[in-house]
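> I'd like to go over a predicted model; first the sequence, then the structure.
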Amino acid sequence: MDAKYDTIGINYTELRKPDRRIGRLISDALGSAQNILNVGAGTGSYEPVDRTVTAVEPSREMIRKRSPTAAHVIQASAEDLPFDDKSFDAAMAILTIHHWPDKEAGLREMRRVTRDQIVLFTFDPEHRPWLTDYIPELSALDDAQMPRMSDYERWLGPVDVSPVPIPHDCSDGFLYAYWRRPAAYLNEKIRSGSSSFWSIRNAKPGLEKLGRDLETGEWERRYASLLTAKSYDAGYRLVVAKAPR
């Protein structure tokens with residue numbers, strides 16, 4: 001079982017605190033579903049607290065970090081879900097699909113065990129947030145790891161895809177969450193909360209250039225339009241697949 005977060009999840013609980021605004025979008029997308037499966041559940045971010053949730057997570061370390069009051073968790077992988085067909089009203093997968101060894105198999109398994117909607121919070125690899133201007137390796141990694149938006153329809157049937165604008169003060173420290181707080185990327189601890197920085201070989205040249213641009217004011221000049229923006233389309237998407245009728 002590939003459990004990457006056994007190694008890289010050291011600061012996850014502290015840095016990856018669910019953002020209530022993103023959580024509201026996910027909750028709304030789940031609709032009236034009462035029995036929900038969370039695949040690649042990690043520490044339980046964005047799991048509804050007012051419904052019955054079953055979590056699936058391959059990493060022992062992430063399971064260990066879950067709250068004692070979190071949903072019941074089973075150690076398993078997306079590609080081999082230990083449930084009967086149509087066991088759940090709805091299913092969710094939050095910023096996890098890029099870690100799955102076989103993304104198509106995992107999504108087809110989610111479809112098999114789910115009666116109605118599947119809600120995915122993911123990233124469109126065709127998008128290029130400003131951080132990739134400094135660290136182009138991130139774009140190459142996104143291209144290699146992330147399904148295209150067209151893949152979801154191919155694997156799940158018709159889907160609705162909606163942008164998820166990221167608030168300037170987002171509490172969840174995923175990769176592009178610090179878009180209006182660029183100095184945060186110079187902090188090694190903050191970078192440790194993103195799997196992408198564990199995956200690229202050498203971010204140092206790009207980070208050094210970012211540091212210089214922040215010192216000289218070049219970053220502010222280059223990205224002036226972001227300085228007062230309340231939110232930013234960093235490429236994150238909510239993908240919702242209804243059950244075939």
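Thanks, I have the structure now. Residues are numbered from 1 along each chain as shown.

> Just give the nearest non-adjacent residue to residue 234, would you?
Nearest non-adjacent residue to residue 234, counting by C-beta to C-beta, 6 or more residues apart in numbering: residue 176, 3.9 Å away. (C-beta placed from N, C-alpha, C; glycine too.)

> Torsion angles phi and psi at the residue of the chain most remote from its centre?
Most distant residue from the mean C-alpha position of the chain: residue 216, 32.7 Å away (C-alpha atoms, centre = their mean). Note on residue 216: backbone dihedrals following degrees, to the nearest 10 are phi -90, psi -10.

> how about residue 163, phi and psi?
phi -60, psi 150.

> now do residue 53
phi -120, psi 130.

> Tell me what it is bridged to.
Going by DSSP bridges, residue 53 is paired in beta bridges with residue 36.

> thinking again about what came up before, how far away is the residue nearest to residue 234 from residue 32?
Relative to residue 32, residue 176 is positioned 32 Å away (C-beta to C-beta, to the nearest Å).

> These two: which is more packed in?
residue 176 (23 against 8; other C-beta atoms under 10 Å).

> quick check, residue 58 in a strand?
No. Secondary structure of residue 58 (DSSP: H, G, I helix; E, B strand; the rest coil): coil, not part of a strand.

> neighbours around it, how many?
Residues lying near residue 58 (other C-beta under 10 Å) number 24.

> and what of residue 83?
17.

> any idea how far residue 58 is from it?
Counting by C-beta to C-beta, the gap from residue 83 to residue 58 is 15 Å.
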